[in-house]
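Enquirer: Generate coordinates for the sequence data below:
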Amino acid sequence: MASTNEAARFLDYYLDDSMESEYAVMLSAPWGAGKTHFIKSYLDARAARLPLEEQPGYLYASLYGVASVGAIHDQFFAQAHPLLSSKASRIIGSALSGAIEKFGGMKGTDRLAKDMLLKLDGKILVIDDLERCSMKVPDILGFINSFVEHEKLKVIILANEEEISEKEGYERQKEKLVGKTIQVKADPSEVLDKLTARLKPHLVGEVVIRERTALLATFNGSTHPNYRNLRAILEDFERLVEAVDVRLRDKPEAMKQLLLYMIATGGESRSGALDKEALRLLRTSQFSTGLLSNKDRSPVDKQFDQLKSRYPEVKWTDPIVSPEHLSELFFTGKIDVDKINESLARHPEVAGHKDIPAWRLLWDWTRLPKSEYGKAKTAFLSQLNERSMVNPGIILHAAGIVISLRQFGDPVLGEDCSVEQYFSDYVSCLLELNTLEADTGAFGFGGTGAFGLGYSSSDTPEFQAILNMMKNASDEVLRRQMQAVARGYVERLAVSTDNYSSLYEYGVQDGNYAATPFLQSIDVKEFAKLLIIESCSNDQLFASLIKRYENDFNGQKALADEYDWTDSLKAELLRIINTETAPFAKLLKMRVDYFFGKIGEGIGRTIADP
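Expert: Down below sits the predicted model:
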């Protein structure tokens, strides 16, 4: 692309009053490259040199979604006559596009129409977003040509020519109209100044200014640098920093790392190079088999290598906010403040080393001086010996750390110790003591990490064996936990209908059990008493059951352990109905058949009468 200086020099020549031309100039660049910012900055600076009565010296119209020439006239007229009402602008704009006769009876219409043409005299017309116009390209170019050929006006067209070059009639019409096409983009420094002015100075503006050089280098590392994307990312950065732990704002290095990481990943995401899942699973640790060797590198590794090579300013390992949370922010706008704060409280750059758990320090041991490494390892071994690590995610991190350190020559558990056997014995002990926590979050998204951090050495067979063992152990913990829940669940439902939603809402930690099987541990006779009360069906509870099983069979069949229980429940309800008298018996039979028909659709089987 041409530099802004080169483009400005040509426009100085083209727009000179002594230069007579019967052609338009096109400034072409991809969406978000800064065409609009460049031309407005250039023309505003040019207008500043004009007498006050001649300013601004240009009129601007966007073709985004425009379906008629009248809409373009409206935009020009409103700028030429800023004191007129919007209604008058629309009327006169329509008149100028060929409907003068329609409004001929309106007082002053002809005078205002002529005044509009006088206002155009000597003005520069800027027509933006050509590729986003709803009119046919030849038609809109023919309309623009009327200004150039008949009104002798200087016209600058802004477009992404790649999007319209193949449209029918474009090349032929362009040849008649456009005398010069310049590929141009705005000056990143100038655009950044403008974007920074919108940020809250005390919150994030200072870090953007302080890290200006690194920010621009990171932004320009993208294969598709886009200023609109940059603006959105800076706004997300501001929202995030404002929402989370205030300690982050007081840590300059952490703020810098977060800013650059978001510029890189946000730019890649918004350009389509990283989808939501790819960003979520982006590597955060350098210690996995794929990254320690150049042999047999996976496509994911190769993509990650390319990413790192384009953004050398970014610290890719141990990001301040995990890619999992940034993926939610970029693609859905959600900020999980509690989870992010939980991670920030463990991050050495935010919380310092003093209060950081030993495993968290060793996860990124390359940043530790030798003395601190020794202290962290001593504390780490002490916690293992005391069996004080009870969260599955932390235990898996511990296993990955031990495997990684052994690869670097430090057999933390001893030369002859099998890491797989050690952690199998460790978890068995926790199960016996009933202290192992139930944490299914440790196994989400392929079991690649927990607490926003990827597991070290997760690609090794040894780690995978420990991961599978931990899954089984966690399933056992959850089974025990849900047995306890089942014992008091009927009473919980009987207390309030508000508790029915726990059947289909998610979050075991919040007392919700969607996709968590446990009803098979409940006596169907007790549950049936809630579904038929005084010869009436409890339709709200039935609806909650339907929602619980909805699409379970076509999904992960998470509730498969409950499928036989639903058969038994229907059988019990039919037994109750057989004791009912008319007319309730027949009505209840119809209702039960309907509800269990819906449940059967969800679990992929017909729940027949016994």
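
Enquirer: Buried residues, stretch 151-170. List them.
Expert: Going by neighbour count (16 or more other C-beta atoms under 10 Å), the buried part of stretch 151-170 is 153, 154, 155, 156, 157, 158, 159, 160, 161, 164, 170. Every C-beta, even on glycine, is put in place using the N, C-alpha and C of the backbone.

Enquirer: which phi and psi does the residue lying closest to residue 356 once chain neighbours are set aside have?
Expert: Spatial nearest neighbour of residue 356, excluding adjacent residues (C-beta to C-beta, 6 or more residues apart in numbering): residue 348 at 5.5 Å. Residue 348 adopts backbone torsions of phi -60, psi -30, taken as degrees, to the nearest 10.

Enquirer: Number of residues surrounding residue 348?
Expert: 19 (other C-beta atoms under 10 Å).

Enquirer: Tell me if I'm right that it and residue 360 touch.
Expert: Yes: look at residue 348 against residue 360 with C-beta atoms under 8 Å: they come within range, at 7.4 Å.

Enquirer: Contact partners for the residue nearest to residue 356?
Expert: 356, 360, 361, 364, 367 (C-beta atoms under 8 Å, 6 or more residues apart in numbering).

Enquirer: Spatially nearest residue to the third one, not counting backbone neighbours?
Expert: Right, the one you point to is residue 361. Spatial nearest neighbour of residue 361, chain neighbours left out: residue 376 (4.2 Å); criterion: C-beta to C-beta, 6+ apart.

Enquirer: So that neighbour: helix, strand or coil?
Expert: Using DSSP: H, G, I helix; E, B strand; the rest coil, the structure places residue 376 in helix.

Enquirer: what sits against it?
Expert: 358, 361, 362, 365, 368 are the contacts of residue 376 under C-beta under 8 Å, 6+ apart.

Enquirer: Wait, residue 387 touches residue 430, no?
Expert: Yes: counting by C-beta under 8 Å, residue 387 does reach residue 430; the two are 6.2 Å apart.

Enquirer: So between the two, which is more surrounded?
Expert: It is residue 430, of residue 387 and residue 430, that has more neighbours when counted by other C-beta under 10 Å, with 18 against 14.

Enquirer: pretty sure that one is in contact with residue 424, am I right?
Expert: No: at 11.1 Å, residue 430 does not count as touching residue 424 under the criterion of C-beta under 8 Å.

Enquirer: For residue 568, see how far away the closest residue to residue 577 other than its chain neighbours is.
Expert: Nearest residue to residue 577, sequence neighbours excluded (C-beta to C-beta, 6+ apart): residue 588, at 4.8 Å. From residue 588 over to residue 568 the distance is 18 Å, taken as C-beta to C-beta, to the nearest Å.

Enquirer: returning to that earlier point: out of the contacts of residue 348, list just those in helices.
Expert: 360, 361 (DSSP state H).

Enquirer: Show me how to select, in PyMOL, the buried members of the contacts of residue 348.
Expert: Buried members of the contacts of residue 348, defined by 16+ other C-beta under 10 Å, are picked up in PyMOL with:
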select buried, resi 356+360+361+364
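
Enquirer: What distance do you get for residue 533 to residue 584?
Expert: For residue 533, the distance to residue 584 - C-beta to C-beta - is 12 Å.

Enquirer: List the contacts of residue 253.
Expert: Contacts of residue 253 were listed using C-beta under 8 Å, 6+ apart, and they are residue 349.

Enquirer: Just give me how far the host helix or strand of it sits from the chain centre.
Expert: Using DSSP states H and E, residue 253 maps to helix 252-270. In terms of C-alpha atoms, centre = their mean, to the nearest Å, the centre of helix 252-270 is set 14 Å apart from its chain centre.

Enquirer: For it, list every residue counted as buried.
Expert: Applying 16+ other C-beta under 10 Å to helix 252-270 flags 254-270 as buried.

Enquirer: And for stretch 140-152?
Expert: Of the residues in stretch 140-152, those buried (16+ other C-beta under 10 Å) are 140, 141, 142, 143, 144, 145, 147, 148.

Enquirer: Now that stretch: average pLDDT?
Expert: Stretch 140-152 carries an average pLDDT of 83.

Enquirer: which SS class is residue 182?
Expert: Per three-state DSSP, residue 182 ends up strand.

Enquirer: Surely it is in contact with residue 7?
Expert: Yes: if you go by C-beta under 8 Å, residue 182 and residue 7 touch, sitting 5.2 Å apart.

Enquirer: Common neighbours of the two, please.
Expert: Counting by C-beta under 8 Å, 6+ apart, the residues touching both residue 182 and residue 7 are residue 27.

Enquirer: So residue 588 and residue 568 - more neighbours on which side?
Expert: Taking other C-beta under 10 Å, residue 588 and residue 568 do not tie; residue 588 has more neighbours (20 against 16).

Enquirer: confidence score at the more buried one?
Expert: 95.

Enquirer: what does residue 610 give?
Expert: The model's pLDDT for residue 610 equals 70.

Enquirer: just for the stretch 351-500 of the chain, where's the confidence low?
Expert: By pLDDT under 70, the low-scoring segments of the stretch 351-500 of the chain are 440-442, 444-447.

Enquirer: That one: strands as residue ranges?
Expert: 449-450, 453-454 (DSSP state E, counting those that start in this stretch).

Enquirer: Show the pLDDT at the nearest residue to residue 209 once chain neighbours are set aside.
Expert: Computed as C-beta to C-beta, 6+ apart, the closest residue to residue 209 that is not its neighbour in sequence is residue 196, at 6.2 Å. Residue 196 is assigned a pLDDT of 80 by the prediction.

Enquirer: correct me, but residue 196 touches residue 203?
Expert: No: with contacts counted by C-beta under 8 Å, residue 196 stays clear of residue 203, the gap being 11.9 Å.

Enquirer: Please say which of these two ends up with more neighbours.
Expert: Comparing residue 196 with residue 203 by neighbour count (other C-beta under 10 Å), the higher total belongs to residue 196, at 17 against 13.

Enquirer: and the gap between that one and residue 205?
Expert: 6 Å.

Enquirer: go on, residue 414?
Expert: Per C-beta to C-beta, residue 414 is found 53 Å from residue 205.

Enquirer: likewise residue 29?
Expert: On the measure of C-beta to C-beta, residue 29 and residue 205 end up 28 Å apart.

Enquirer: For the two, indicate the residue with more neighbours.
Expert: Taking other C-beta under 10 Å, residue 29 and residue 205 do not tie; residue 29 has more neighbours (22 against 17).

Enquirer: Sort out which residues of the lengthiest helix in the chain are buried, please.
Expert: Criterion DSSP H: the longest helix present in the chain is helix 461-487. Neighbour-count burial for helix 461-487, counted by 16+ other C-beta under 10 Å, picks out 462-463, 465-467, 469-471, 473-474, 477-478, 482, 485-486.
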